[in-house]
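Participant: here you go, sequence then predicted model.
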Amino acid sequence: MHADTSLEAVRGRTFDCLFLPGGPGVKLLRADPRVRELVLRQHHAGGWLAAICAAPTVLHDAGLLSGRRYTAHFSVATELPHILAGERCVTDGRIVTSRGAGTALDLGLLLVEKLVSPQKATEVAASIHA
């Protein structure tokens, strides 16, 4: 994947949905204060936040998971002891979390449902035989 912009270029902006990818890059997301700033700005503006795999730790670091329902990859269970391990995707308010690569399709369809419409999610699912 190649970025078409930089964190600096989007500083101060909000989006329809801010998606935090999982994998080994989560360490870099957690270490960069601009990511926390972007996450908090998105949350305070009432925008959608989505995080998959280990990326819910970024939401946790920003203080956004306290008292919320969420899931994440089992590898971060010691940091996020309230993971709903049996759930593939969890929505709580405008925060959507998913366990990992095996739940990416579920997450994608859920985001289409939330950001566009349930009908569009059904249409997309049918087109890909989900």
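Facilitator: Yep, that arrived.
Participant: quick one: the helices in the chain, in order.
Facilitator: 7-10, 26-31, 33-44, 56-61, 104-115, 118-127 (DSSP state H).
Participant: okay if I get those as JSON lines plus mean neighbour count, mean pLDDT and distance to F19?
Facilitator: From N, CA and C alone the C-beta is placed, and that goes for glycine too. Output for the helices of the chain, formatted as JSON lines (neighbours: other C-beta atoms under 10 Å; pLDDT from 0 to 100; distance: least, C-beta to C-beta, whole Å):
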{"stretch": "helix 7-10", "mean neighbour count": "12", "mean pLDDT": "90", "distance to F19": "13"}
{"stretch": "helix 26-31", "mean neighbour count": "16", "mean pLDDT": "97", "distance to F19": "11"}
{"stretch": "helix 33-44", "mean neighbour count": "16", "mean pLDDT": "96", "distance to F19": "10"}
{"stretch": "helix 56-61", "mean neighbour count": "23", "mean pLDDT": "98", "distance to F19": "11"}
{"stretch": "helix 104-115", "mean neighbour count": "18", "mean pLDDT": "97", "distance to F19": "8"}
{"stretch": "helix 118-127", "mean neighbour count": "13", "mean pLDDT": "97", "distance to F19": "16"}
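Participant: buried ones in stretch 44-56?
Facilitator: Residues of stretch 44-56 classed as buried: W48, L49, A50, A51, I52, C53, A54, A55, P56 (neighbour count, 16 or more other C-beta atoms under 10 Å).
Participant: before we move on, back to that, for the helices of the chain, which one sits closest to R68?
Facilitator: Among these, helix 56-61 comes nearest to R68, with 8.6 Å by C-beta to C-beta.
Participant: who's in contact with that closest one?
Facilitator: 20, 26, 29-30, 35-36, 39, 49, 51, 65, 70-72, 76, 79-80, 95, 97 (C-beta atoms under 8 Å, 6 or more residues apart in numbering).
Participant: got a list of what E37 touches?
Facilitator: R11.
Participant: er, L105 I mean
Facilitator: By C-beta under 8 Å, 6+ apart, the contact set of L105 is I128, A130.
Participant: returning to what we had before: go through the buried residues of stretch 44-56 and name the one nearest A3.
Facilitator: Set against A3, the nearest of the buried residues of stretch 44-56 by C-beta to C-beta is A55 (16.2 Å).
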